[in-house]
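Undergrad: Fold the following.
(2 chains)
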Amino acid sequence: MSTGVALSLDVNGRPLSTHVDVNESLADVLRAHAGATDVKVGCGEGVCGTCTVLLDGEPVNSCLVFAVQAEGRSVATLRGLGDGNGGLHALQRRFLSHGASQCGFCTPGMVLTAEWFVAQNPGADRDQIREALSGNICRCTGYTKIVDAVEGYARELEGVPDEVSDVG
Amino acid sequence: MSVELAPPPVAAQARDRSPVHQDFVQKVAGELAYADDWAMPGMLHGVVIRASAPCGRITRLDTGAARSVPGVHTVITAADVPHNVIAEEASGLGLDPIVMPVLAAETVRYDGEPIALVAAETPWAAAKAAELVEVEIEREPGVYDPEAALEPGAPLVHPQGNTCVTWRMERGDVDAALASADVVVEGEYRTQHVDHAYLEPESGIGWIDGDGVVTLRVSTQVIEHARQIAAILRLPHSKVRVIAAYLGGGFGGKEDMTVEPHLALLVAKTRRPVRMVWSRQESLTARQKRHPFIMRYRTGAASDGRIVAQDVRIVGNAGAYPLLSARVLFAAAVTAPGPYGVDDVRVESVAAFTHTVPTSAFRGFGAMQVVFGYEQQMDRIAEALGLDPVTVRRRNFVKRGDRRVTGEPLDTDVALDECLTEALGALGDPPAARDGMRVGRGIACNMAPYGRAVYFADRASCWIGLEQDGTLVIRAGVTDLGGGQAASLAQIACEILGVSIDRSSVHIGDSALNPLVGGTFATRQLYMSGNAALKVARELREKLTPVAADMLGAAPESLDWADDIVCAREEKERKLTLAELARAAEAEGVMPYCHSTFEAEVGEFDPRTGRGRSFPDYTYGAHAVDVGVDEETGEVSILGYAACHDVGRAINPQRVQGQIQGAVAQGVGYALSEQIDIEDGVCTSLLFADYLVPTSVDLPDIVPVVLERHPGKGPLGARGIGEPPIGPVAPALAAAIHDATGVWLTKLPMTPERVLASLRADADADPETAAA
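TA: Next up, the predicted model:
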């Protein structure tokens, strides 16, 4: 709402200045004011993880963050992950090649969480990956192919040759 | 013209045969515009006002205060709905229709039933107005349990009575067969209300487009609802258009209409674009659920384990309105005996109205609940006879030619023996015992229909054309739920016409611009639209073959179509591109496109005799699971899971694996943790946090085995796979828990509390075991 308080933040490297209601969530503001429709809202109560964004580099459920809390901070959404020219990030390519996305609604939050986690824990194994993704619900895939994709990406970063062990 | 029917082994070829389709690229890039991702200039925001009591009369409905909120454009109640009927004659067999209103007028029949609609300039104004709509409901006695609803004197949900539907099917002499059986096992099994819990809420936007067409872009499985919406608005069918965005999940929960009639009414009234998004709470409390079943089985067997009699009675809770209950209970009845041959069989399947949230379609559609019944019966027969559960099943698996309870024979081959072997093989060695944890293994098998019941005379149409640059365009009114429904049409058409997959586009989900194929439900979409795409692609190839043969100076039957080129098989350099062919054909007046309709097989079913034709075909499968049961907490850990289904032919093996893995995950939630709690008609599962969908740490790697053994009736011999793999999960887990602990759990979900209670009851009954 244009009558609300002034808010300035950085979204995927671009400055955003707007006015918001004090009780508007970061998720709603990103969607409505920054065109960030890649931020999905699945439950609005911080359970499903679809609205995950990186706030100053840390994953948060943006439905539980008031937009005004992001004043002066930087936000990364899924679209901030690629090369900015439509090229996909290596983890996004893994999601594609492993068939880790079905309806796709959980994918933005899932990819962001996984990318952040692998960056912090480059040697993570499947169990650790599962633990890291436990706040992001997927209703379609049963998670196996998602873990395949994230594990494949983690090994790729380590230079391990691809075994294509996930299919069959 | 020939198409190779024998594909290479799945594992070796899975990646080659699983091309990435554009919609998945957009999904991983975060670029796909879902139903809630559209905004329009001048858009209003719609909200539903719902009943806050399960049953009673509306004695006061005052919208004055709501209308006076700044920014509010309209408040709509039942009196404003031109034709306040969600028309549905669900059985397809001419049962008495019971009217479900779009907005409750005088009577409330379930908690959360829509009563009024608001459209306002901001979501906040709409929410404020919704709070100010004054509704008074005078409570009346309600009935919430389906068996209580069928008792004489129960409060009536509808004046016609509380029986929604009764199906009776019988073959042979069940009573005599039970009397002569060596062993008779009786069991009662209960399942619960569960929610689809797709992550994308019910949502969409509507506007009035050119030519005065009320246009909705929504998350729906069925664009053909445009006709029902037109009836509600009293508009000609041609004046309503439904566009289905790619869905953020459906699973049957977007098969009945959700936001569509509400949006349409608000758009028609305000003449402005309107957006509506249901909250997670609305979705959990007021959108239709899976039917809870009470199943009573009496199964007779000979001493060698052969099933000689099967007597089943099912009562399903339909909730307050029919929706698709009649069809769900029909599927349950037909599949209630399971994938086992038996000549003396009787099934009665009843849906009862109650003052609870309506139930309707959910992945598996009646044919999944019964698996929990018939598979535990098989295990208990094995136990009673001292036989192995695998052996008992192998002695009874149905085969081609066997008759169903409806009297009809199965007319395709059954690979259950092989599925069971494959699933057990993929699971590997049983896990070792661990401290404080009892381990066990369970199996379960199922048969699940794909395609609508044949008395619906199902049809699907498709349009395919070559552009002048040789790219391919496919038009079909498919809705895509994330299973690759659009992608599979591209794969099929491109295979027949030799087009590279990235040189094709599929235009789907538009009731105005697409040939209609019917909704994505009943595991029918690959069977129906896939066969339509195959038929049209072949017709187009036949149509263009004489032109190509002429241009190449080759015999028509000698042409190969591959890699965007048509060439003579024996003389590869004699070739032309599809672009050249398309332009030449058009110049000759042979238009390079075709439109055609696939017609599924048709049959008749007589509801009075319970005999006739039911489903076109089935997909068969077997699951095997290892669990650990914590003796202190009752918690069940899944240590390994393998699932094998014979899909005839996998159009896209990776997507087939994904369907199997995803269905297993949903089945695990259904089996162990998910439940919508309803107390005296009032839903108390108000938060998503209360509804325990499995997370990544609740599941092991799920090993899918995609068997391509016996051709089905889908395109290129495929069988449907969307729904079938959810069926065996709960009984396989129950069997594994029994193997680990000796207790039978007959009520879902098998929560730690219930498991622990069963362990303690078992220990109380047998102190020596407890001591050991």
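Undergrad: how many other residues sit next to residue 31?
TA: As the question left the chain open, I've gone with chain A. Burial measure for A:Arg31: 22 neighbouring residues, criterion other C-beta atoms under 10 Å in any protein chain shown. (Each C-beta comes from the backbone N, C-alpha and C, glycine too.)
Undergrad: I was thinking of chain B, sorry if that wasn't clear
TA: Counted with other C-beta under 10 Å, residues neighbouring B:Glu31 total 15.
Undergrad: cool, the one 10 residues further on as well?
TA: For B:Pro41, the tally of surrounding residues (other C-beta under 10 Å) stands at 7.
Undergrad: Skip the chain neighbours and tell me the closest residue to it.
TA: Counting by C-beta to C-beta, 6 or more residues apart in numbering or on different chains, B:Pro41 lies nearest to B:Pro273, which is 7.6 Å off, once chain neighbours are set aside.
Undergrad: Can stretch B:468-484 be said to contact chain A?
TA: Yes. Judged by C-beta under 8 Å from any C-beta of the partner chain, stretch B:468-484 comes into contact with chain A at B:481-484.
Undergrad: Where neighbours are concerned, which of these has the most?
TA: Comparing the residues of stretch B:468-484 next to chain A by number of neighbours (other C-beta under 10 Å), B:Gly482 comes first, having 28 neighbours.
Undergrad: Contact partners for it?
TA: Contacts for B:Gly482 (C-beta atoms under 8 Å, 6 or more residues apart in numbering or on different chains) come out as A:101-104, A:140, B:246-250.
Undergrad: at 7 Å what do you get?
TA: Residues counted as contacts of B:Gly482 (C-beta atoms under 7 Å, 6 or more residues apart in numbering or on different chains) are A:102-104, A:140, B:247, B:249.
Undergrad: How far off centre is the strand or helix carrying B:Arg296?
TA: Using DSSP states H and E, the element containing B:Arg296 is strand B:293-301. With C-alpha atoms, centre = their mean, to the nearest Å as the basis, strand B:293-301 stands 25 Å off its chain's centre.
Undergrad: and if you look at stretch A:148-165?
TA: That offset, for stretch A:148-165, works out to 20 Å (C-alpha atoms, centre = their mean).
Undergrad: Would you mind putting the CA coordinates of stretch A:48-66 into PDB?
TA: Listed next in PDB are the C-alpha coordinates belonging to stretch A:48-66 (Å, rounded to 0.1, in the frame of the first residue of the first chain):
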ATOM      1  CA  CYS A  48       6.200 -25.700   4.100                       C
ATOM      2  CA  GLY A  49       9.400 -23.700   3.200                       C
ATOM      3  CA  THR A  50       8.200 -22.800  -0.300                       C
ATOM      4  CA  CYS A  51       8.700 -19.100   0.400                       C
ATOM      5  CA  THR A  52      12.400 -19.500   1.400                       C
ATOM      6  CA  VAL A  53      14.700 -16.600   0.400                       C
ATOM      7  CA  LEU A  54      18.200 -15.700   1.500                       C
ATOM      8  CA  LEU A  55      18.200 -12.700   3.800                       C
ATOM      9  CA  ASP A  56      21.700 -11.400   4.000                       C
ATOM     10  CA  GLY A  57      22.800 -14.800   2.800                       C
ATOM     11  CA  GLU A  58      20.800 -16.800   5.400                       C
ATOM     12  CA  PRO A  59      17.700 -18.800   4.500                       C
ATOM     13  CA  VAL A  60      14.400 -17.600   6.000                       C
ATOM     14  CA  ASN A  61      10.700 -18.300   5.500                       C
ATOM     15  CA  SER A  62       9.800 -15.000   4.000                       C
ATOM     16  CA  CYS A  63       6.100 -15.400   5.000                       C
ATOM     17  CA  LEU A  64       7.200 -15.100   8.700                       C
ATOM     18  CA  VAL A  65       9.400 -12.100   8.200                       C
ATOM     19  CA  PHE A  66       7.800  -8.600   8.200                       C
END
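Undergrad: tell me the centre residue of the chain?
TA: Went with chain A since none was named. Using C-alpha atoms, centre = their mean, the residue of chain A that lies closest to the mean C-alpha position is A:Leu112, 2.8 Å off.
Undergrad: for the closest residue to that residue other than its chain neighbours, phi and psi?
TA: Distances taken as C-beta to C-beta, 6+ apart place A:Thr52 nearest to A:Leu112, at 5.1 Å, with adjacent residues excluded. Main-chain torsions, A:Thr52, degrees, to the nearest 10: phi -60, psi 130.
Undergrad: again with the one 5 residues further on
TA: Listed backbone geometry of A:Gly57 is phi 90, psi 0, with angles given as degrees, to the nearest 10.
Undergrad: I'd like to know how many residues surround it.
TA: Look at A:Gly57: counted by other C-beta under 10 Å, it has 11 neighbours.
Undergrad: that older thread, any idea what the residue nearest to A:Leu112 is bridged to?
TA: Partner residues in beta bridges with A:Thr52: A:Asn61, with DSSP bridges as the criterion.
Undergrad: Just to check, it is in contact with A:Leu64?
TA: No. In this structure, A:Thr52 is not within contact of A:Leu64 by C-beta atoms under 7 Å, at 10.7 Å.
Undergrad: Compare the two (neighbour count), which wins?
TA: Shown here are A:Thr52 and A:Leu64; by other C-beta under 10 Å, A:Thr52 has more neighbours (27 against 15).
Undergrad: OK, contacts around that one?
TA: Contacts of A:Thr52 were listed using C-beta under 7 Å, 6+ apart, and they are A:59, A:61, A:109, A:112-113, A:136.
Undergrad: Could you do B:Gln659 as well?
TA: Shown in contact with B:Gln659 (C-beta under 7 Å, 6+ apart): B:483, B:721-722, B:725.
Undergrad: thought B:Ile474 was touching B:Ile464?
TA: Yes. Taking C-beta under 7 Å as the contact criterion, B:Ile474 and B:Ile464 are neighbours in contact, 5.2 Å apart.
Undergrad: anything in contact with each of these two?
TA: With contacts defined as C-beta under 7 Å, 6+ apart, the residues shared by B:Ile474 and B:Ile464 are B:493, B:533.
Undergrad: So which other helices or strands are in contact with the helix or strand where B:Val629 lies?
TA: For B:Val629, the element it lies in under DSSP H and E is strand B:617-630. Secondary-structure packing of strand B:617-630 (3 or more C-beta pairs under 7 Å, 6 or more residues apart in numbering or on different chains; DSSP states H and E): helix B:416-427, strand B:437-450, strand B:636-646, helix B:729-741.
Undergrad: Out of those, the one nearest B:Pro322 is which?
TA: The closest of the helices and strands packed on strand B:617-630 to B:Pro322 is strand B:437-450. By C-beta to C-beta, the value is 20.5 Å.
Undergrad: Name every strand pairing with the following helix or strand past the closest one and say which way it goes.
TA: Counting by DSSP H and E, the element after strand B:437-450 in chain order, helix or strand, is strand B:459-466. Strand pairing for strand B:459-466, determined by DSSP bridges: strand B:472-476 (antiparallel), strand B:593-599 (antiparallel).
Undergrad: Quick check: buried residues in strand B:459-466?
TA: Applying a neighbour-count criterion of 16 or more other C-beta atoms under 10 Å in any protein chain shown, one finds B:460-466 buried in strand B:459-466.
Undergrad: Out of those residues, which is nearest to chain A?
TA: The closest of these to chain A turns out to be B:Ala460 (C-beta to the nearest C-beta; 22.1 Å).
Undergrad: List the beta-bridge partners for the closest one.
TA: Beta-bridge pairing for B:Ala460 (DSSP bridges): B:Phe598.
Undergrad: need the contact list for it.
TA: With contacts taken as C-beta under 7 Å, 6+ apart, B:Ala460 has the following neighbours: B:517-518, B:528-529, B:532, B:597-598.
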